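J.: Need a 3D model of the sequence below.
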Amino acid sequence: MEAIGRLDEYQRGHRWLGVPIAVVYKFADDQGGYLAALITYYGFLSLFPLLLIFSTVLGFALPGNETLQQQLVDSALAQFPIIGDQLTDNAQPLRGSGAGLAVGILVALYGALGVAVAIQNALNQVWGVPMNRRPDPIRARLRSMLLLLLFGVGVLVTTVLSGLAAGAGEIGAHLDLGLRVAAVAVSMAANCLLMLLAFRALTSRRVSVREILPGAILAALAFQVLLTTGAFFVRTGLLGSSQVYGLFGIVLGLMAWIYLEAVIVVLAAELNVVLARGLWPRSLLTPFVEDVELTGADRRSYTSYASAQQYKDAQSITVEFDERNRTDDDADTHDTGRNP
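T.: Numbers count the residues shown, from 1 in each chain. Okay, here's the model as predicted:
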């Protein structure tokens, strides 16, 4: 216990360790894994119909140019390096009557709106927005339309950049490297901007750019690392896996990939809240031991969780702590469960 006490004291005095611990603790308190799982469900539900629609629209927009159609599909699927090759083989255009396309569009829209609503729910949960301040089902879906537009722009930008990087080799080795570096840099900047817009548009409280910038940068970097390591993993560990696992492997790989991206989004949002509200340092043993002296960040966190359960304006939620935890290393601890 003495060693744990020294470690606790050390992390409280060092931001580089105290902040990540606080982010992980808040992620666990908010049940971030379940929030990410809900995003994953709707993401998986919408992806295949969206790919079918994408390939079908390309068939109408670029008739007779199958090579360019395939290049655009491949560039879009490059965002899923673990299972992108298998998806390329399965994402064929919808043919026949317009009924199939209409059904595909409806399923894709349902799933896509579900993704956006799930992200809204996650952001509001992370920021501790009271239930009565969150948008009703209709307004939530109207906001979701904005997210779908942002994601559409993001896919378009990253698809163009992926195509540019892939075709750079035809120009020359030196220019190839320069274009690839530039494409990665622009892609990260675009992802950062999209995350900024999404965090601001989908959170039901006023958030400044300064408050959400750290998480947007973290998400952009993490997405790029995930994309790079995913491609490396494919080259070194998954060669021939599709022949072994078939469609089951594609489904598992796709769900795992979407889940990782969803976890990144939730963790990025948690980082924003921890920094913006000063929810660090946390007591190291808080998640594991009941009888522990809470820090000011612990008290503010638990107050936020309770006040987020306010369903009506007429309802009042007050949070109190016992004498041991009512000390004042933190004068701005809120004992009333009101959120900004």
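
J.: C-terminal to the helix or strand bottoming out on mean pLDDT in the chain, what's the next element?
T.: Ranking every helix and strand in the chain by mean pLDDT, DSSP states H and E puts helix 84-90 at the bottom, with a mean of 50. Downstream of helix 84-90, the first helix or strand assigned by DSSP states H and E is helix 98-127.

J.: pLDDT of that next one, averaged?
T.: For helix 98-127, the mean pLDDT works out to 81.

J.: From Pro214, how far off is Trp127?
T.: As judged by CB to CB, to the nearest Å, Trp127 and Pro214 stand 14 Å apart. The C-beta positions use only the backbone N, C-alpha and C, and glycine is treated the same way.

J.: Val289 too?
T.: Separation of Val289 from Pro214 (CB to CB) stands at 30 Å.

J.: Between these two, point out the one with more neighbours.
T.: Pro214 (16 against 10; other CB atoms under 10 Å).

J.: for the longest helix seen in the chain, which positions count as buried?
T.: Taking DSSP state H as the criterion, the chain has its longest helix at helix 241-277. Residues of helix 241-277 classed as buried: 241-242, 249-250, 253-255, 257-277 (neighbour count, 16 or more other CB atoms under 10 Å).

J.: cool, and stretch 199-214?
T.: Of the residues in stretch 199-214, 199-204, 207, 211-214 count as buried by neighbour count, 16+ other CB under 10 Å.

J.: Arg277 contacts Arg300, correct?
T.: Yes: the pair Arg277 and Arg300 qualifies as a contact (CB atoms under 8 Å) at a distance of 6.5 Å.

J.: got the contact list for stretch 9-23?
T.: Contacting residues not belonging to stretch 9-23 are listed as 267, 270-271, 274-275, 279-282, 284, 295, 297 [CB atoms under 8 Å, 6 or more residues apart in numbering].

J.: how about these in a markdown table, adding pLDDT and distance to Trp16?
T.: Converted to a markdown table, these look like this (pLDDT from 0 to 100; distance: CB to CB, whole Å):
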| residue | pLDDT | distance to Trp16 |
| --- | --- | --- |
| Leu267 | 97 | 16 |
| Glu270 | 97 | 17 |
| Leu271 | 97 | 13 |
| Val274 | 97 | 13 |
| Leu275 | 97 | 13 |
| Leu279 | 95 | 16 |
| Trp280 | 94 | 11 |
| Pro281 | 95 | 11 |
| Arg282 | 95 | 15 |
| Leu284 | 94 | 15 |
| Thr295 | 93 | 17 |
| Ala297 | 95 | 16 |
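
J.: Go through these and say which is closest to Gly43.
T.: When the contacts of stretch 9-23 are compared for distance to Gly43 (CB to CB), Leu267 wins out at 16.4 Å.

J.: what's the nearest residue to that closest one if we skip its chain neighbours?
T.: Distances taken as CB to CB, 6 or more residues apart in numbering place Phe27 nearest to Leu267, at 6.0 Å, with adjacent residues excluded.

J.: wait, what's in contact with the closest residue to Leu193 other than its chain neighbours?
T.: In this structure, Leu193 finds its nearest non-sequential neighbour in Ala216, 7.8 Å apart by CB to CB, 6+ apart. Residues near Ala216 by CB under 8 Å, 6+ apart: 192-193, 195-196, 199, 268.

J.: could you redo the last one with a cut-off of 6 Å?
T.: For Ala216, the contact set (CB atoms under 6 Å, 6 or more residues apart in numbering) comprises 192, 195-196.

J.: Let me know the pLDDT of it.
T.: Ala216 carries a pLDDT value of 95.

J.: That one: helix or strand, and which one exactly?
T.: Taking DSSP H and E as the definition, Ala216 sits inside helix 209-237.
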